[in-house]
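>>> Model the structure of this input:
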Amino acid sequence: MSNPEYSAPKNHVQSPPSRFDTAAPPQADGGPGAVPVGSGGVPAILRRWRRDDLVRKGSLVLRGLALMFSLLSFIIMASNKHGGWKDFDNYEEFRYLLAVSILSTLYTGAQAFRHVQEISTGRLMFKQQTSALIDFAGDQIIAYLLASAASTAVPMTNRMSENVVNLFTQSLAASISMAFLTFVMLALSALISGYKLSTQAYI
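Below is the predicted model:
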């Protein structure tokens, strides 16, 4: 005869609790433990697109202004020939400024053309990392050359202006002023280029 004390009802056998049953699944209906789905994803992307578009357009505007100022500096200096001592070719400082203005005009013209093409076509001529590095290095090099050329030409122009003020000295001052404005535009453009370079992913 079987002893009823040792018989266990089969209907009450339970499996041991699993460790995966301790946490309730996340809910999307706002209940306890709810996890917001896609919170901030699309707005963040839109903000990034708007910021990148603003950076591209701002860089194009600065380069366009730099191109205009450097071209004016080049034209004013190249045409400043009035015979005798009133000829920029007679002074090394002014020839140096003219050479840097030509280099700046070529650089800013090429950069402005590249930016216009990239914005209009939506395709990059170079990789983003390469483009940002070229912009950052080129802007700084040309800006430093412009600052050097302008600072070299200023003392000679001041000495001439102390003795006489005429079309020659006024043209010299105008050319130097345009070169300085080009330097300012490229310095601001270098800040944008540095920002673009710092936001690139290298991994």
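>>> CA only for contacts and neighbour counts going forward, please
Will do.
>>> Now residue 81: phi and psi?
Per-residue torsions, residue 81: phi -130, psi 120 (degrees, to the nearest 10).
>>> That one: what's it in contact with?
Taking Cα atoms under 8 Å, 6 or more residues apart in numbering as the definition of contact, the neighbours of residue 81 are 87, 88, 89, 168.
>>> The third one: neighbour count?
Residues lying near residue 89 (other Cα atoms under 10 Å) number 16.
>>> what packs against the lowest-mean-pLDDT helix or strand in the chain?
For the chain, scoring each helix and strand by mean pLDDT, DSSP states H and E identifies helix 41-78 as the least confident one, at a mean of 83. Counting contacts by 3 or more Cα pairs under 8 Å, 6 or more residues apart in numbering; DSSP states H and E, helix 41-78 is packed against helix 92-121, helix 167-198.
>>> now the longest one: mean pLDDT?
What that stands for is helix 167-198. Along helix 167-198, the predicted local confidence has a mean pLDDT of 91.
>>> pretty sure residue 169 contacts residue 159?
No: Residue 169 is beyond contact range of residue 159, at 9.8 Å (criterion: Cα atoms under 8 Å).
>>> Neighbour count: the two, which is higher?
Taking residue 169 and residue 159 together and counting by other Cα under 10 Å, residue 169 has the greater number of neighbours (20 against 11).
>>> Look up how far residue 189 lies from that one.
For residue 169, the distance to residue 189 (Cα to Cα, to the nearest Å) stands at 30 Å.
>>> hang on, residue 165 in a helix?
No: note on residue 165: no helix contains this position according to DSSP: H, G, I helix; E, B strand; the rest coil, which reports coil.
>>> so how far is residue 127 from residue 120?
When Cα to Cα is the yardstick, residue 120 and residue 127 sit 17 Å from each other.
>>> Identify all contacting residues around stretch 172-187.
Here stretch 172-187 has contacts from 62-63, 65-67, 69-70, 72-74, 76-77, 80, 97, 101, 139-140, 142-144, 146-147, 150, 153-154, 157, using Cα under 8 Å, 6+ apart.
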